[in-house]
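Novice: Model the following, please.
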Amino acid sequence: MKNGLWIIALTILIASCKEMTEDDKASTLLSEIESLYEKGEFSTTLDSIEALRSKFPRAVQSRKRALVLWQNASLKMAQIDIAHTDSALQSTMNQMESEDNIYKRNMLGVKCDSLRARYEAMCGVVRMIHLRQKDQ
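Specialist: Down below sits the predicted model:
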């Protein structure tokens with residue numbers, strides 16, 4: 001009877017000492033990444049996701065969750081950039097309309113063109129992120 005109890009106790013002990021999986025190890029970092037995203041620290045979120053990818057390459061489930069956060073953080077950053085670019089474009093256009101000096105007006109026109117190009121590029125980024133999110 002004593003041997004049977006020892007065998008049961010040893011079996012329980014061995015079962016409880018299983019090795020942590022990559023996803024278990026990555027869970028702490030993933031929690032930190034989620035916290036950074038919730039705080040609105042999108043750039044740091046992206047940097048941390050890159051660290052998770054390199055540190056835990058086999059943590060498939062954690063990487064899948066991190067991919068969703070990556071897309072969301074990238075989307076938020078692009079939307080913020082679009083808002084800032086649009087504001088700068090509107091301001092520059094107003095300046096250009098009121099400028100009498102031809103040289104300054106032309107330079108403001110160049111700046112407007114640059115801001116328009118940036119605006120269109122960032123809108124393209126947002127469209128691509130939305131397409132990728134639909135595919136998942």
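Novice: what residue ranges in this protein are flagged as low confidence?
Specialist: 1-7, 9-18 (pLDDT under 70).
Novice: Tell me where the chain has helices.
Specialist: Assigned helices in the chain, in chain order: 2-16, 22-39, 42-55, 60-98, 102-135 (criterion: DSSP state H).
Novice: Compile these into CSV and extend it with columns for mean neighbour count.
Specialist: Every C-beta, even on glycine, is put in place using the N, C-alpha and C of the backbone. What follows is the helices of the chain, written out as CSV (neighbours: other CB atoms under 10 Å):
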stretch, mean neighbour count
helix 2-16, 9
helix 22-39, 16
helix 42-55, 17
helix 60-98, 16
helix 102-135, 13
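Novice: quick one: Tyr37 and Asp23, what's the gap?
Specialist: Using CB to CB, to the nearest Å, Tyr37 is found at 19 Å from Asp23.
Novice: for Gly40, same thing?
Specialist: Applying CB to CB to Gly40 and Asp23 gives a distance of 26 Å.
Novice: same deal with Ser87?
Specialist: 42 Å.
Novice: same check, this time on Ile82
Specialist: 35 Å.
Novice: do the same with Phe56
Specialist: For Phe56, the distance to Asp23 - CB to CB - is 8 Å.
Novice: who's in contact with stretch 90-109?
Specialist: Lys111, Cys112, Leu115 (CB atoms under 8 Å, 6 or more residues apart in numbering).
Novice: can I get these in CSV with distance to Glu19?
Specialist: What follows is the contacts of stretch 90-109, written out as CSV (distance: CB to CB, whole Å):
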residue, distance to Glu19
Lys111, 59
Cys112, 60
Leu115, 54
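Novice: just these now: which is nearest Leu30?
Specialist: Distance to Leu30 across the contacts of stretch 90-109 (CB to CB) is lowest for Leu115, with 37.2 Å.
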